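**Student:** what's the 3D shape of this:
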Amino acid sequence: MGTRPPVWRRLELSSELFLDDLHEILQTAFGWTDSHLHRFASGGSGFDMSAQLYLCPFDVEEGEDEGVPEEEVRLDEVLVEVGEKLHYDYDYGDGWEHVVRLDAVLDLSAGAPVARCTGGRRAGPPEDCGGVGGYEALVAAGEIDGDDFDAAEVNALLA
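**Tutor:** Presented below is the predicted three-dimensional model:
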């Protein structure tokens, strides 16, 4: 959220994945290294106390009890109807906010991977680049090719 034009990925995911699996998939899809905290939430952002929060392992280890551990929640429990959304916050300092939206429910073909990237736009922001403003400054300076996105490369990493 907040980038113009947006940085996005379209993923086909098995509904049987747990949110900790989704975290790893999102990290791969955006080219990140899981170097920061993250949080999933339904009904608002990960910092909205009225939202249903799903806790990362660090939150659980620290004794946070205002949510459900992400490894206990399946994707099909939080995204059921087309149009439903799940919020994903990554790197609280840089403030990467994502909305995961269920666009369609498809049959999973036998032998199909549990995660596949079918589209996207723009290069994933580098770790610790300073959030949206830092990312856009790197693109403007030519240090990042903002148009650099390759679904085949993401799928190779997901495999």
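
**Student:** Let me see the confidence value for the residue located most distally from the centre of the chain.
**Tutor:** Distance from the C-alpha centroid of the chain peaks at residue 141, with 26.1 Å (Cα atoms, centre = their mean). If you check residue 141, the pLDDT there is 96.

**Student:** how far away is it from residue 7?
**Tutor:** For residue 141, the distance to residue 7 equals 17 Å [Cβ to Cβ, to the nearest Å]. The C-beta positions use only the backbone N, C-alpha and C, and glycine is treated the same way.

**Student:** Same check on residue 89?
**Tutor:** Applying Cβ to Cβ, the value for residue 89 to residue 7 is 15 Å.

**Student:** Same check on residue 65?
**Tutor:** Going from residue 65 to residue 7 by Cβ to Cβ gives 33 Å.

**Student:** I'd like the secondary structure assignment at residue 86, please.
**Tutor:** Here residue 86 is recorded as strand under DSSP: H, G, I helix; E, B strand; the rest coil.

**Student:** ok, the residue nearest the centre of the chain to residue 140 distance?
**Tutor:** Most central in the chain under Cα atoms, centre = their mean is residue 26, positioned 4.0 Å from the mean C-alpha point. Going from residue 26 to residue 140 by Cβ to Cβ gives 25 Å.

**Student:** Can you tell me the closest non-neighbouring residue to residue 149?
**Tutor:** Excluding its sequence neighbours, the residue lying closest to residue 149 (Cβ to Cβ, 6 or more residues apart in numbering) is residue 120, at 4.9 Å.

**Student:** Ok, residue 10 next?
**Tutor:** For residue 10, ignoring the flanking residues on the chain, the nearest one in space by Cβ to Cβ, 6+ apart is residue 119 at 3.9 Å.

**Student:** Can you name every helix or strand that the one helix or strand that neighbour maps to contacts?
**Tutor:** Taking DSSP states H and E as the definition, one finds residue 119 inside strand 115-121. Applying 3 or more Cβ pairs under 8 Å, 6 or more residues apart in numbering; DSSP states H and E, one finds that strand 115-121 contacts strand 8-13, helix 19-30, helix 151-158.
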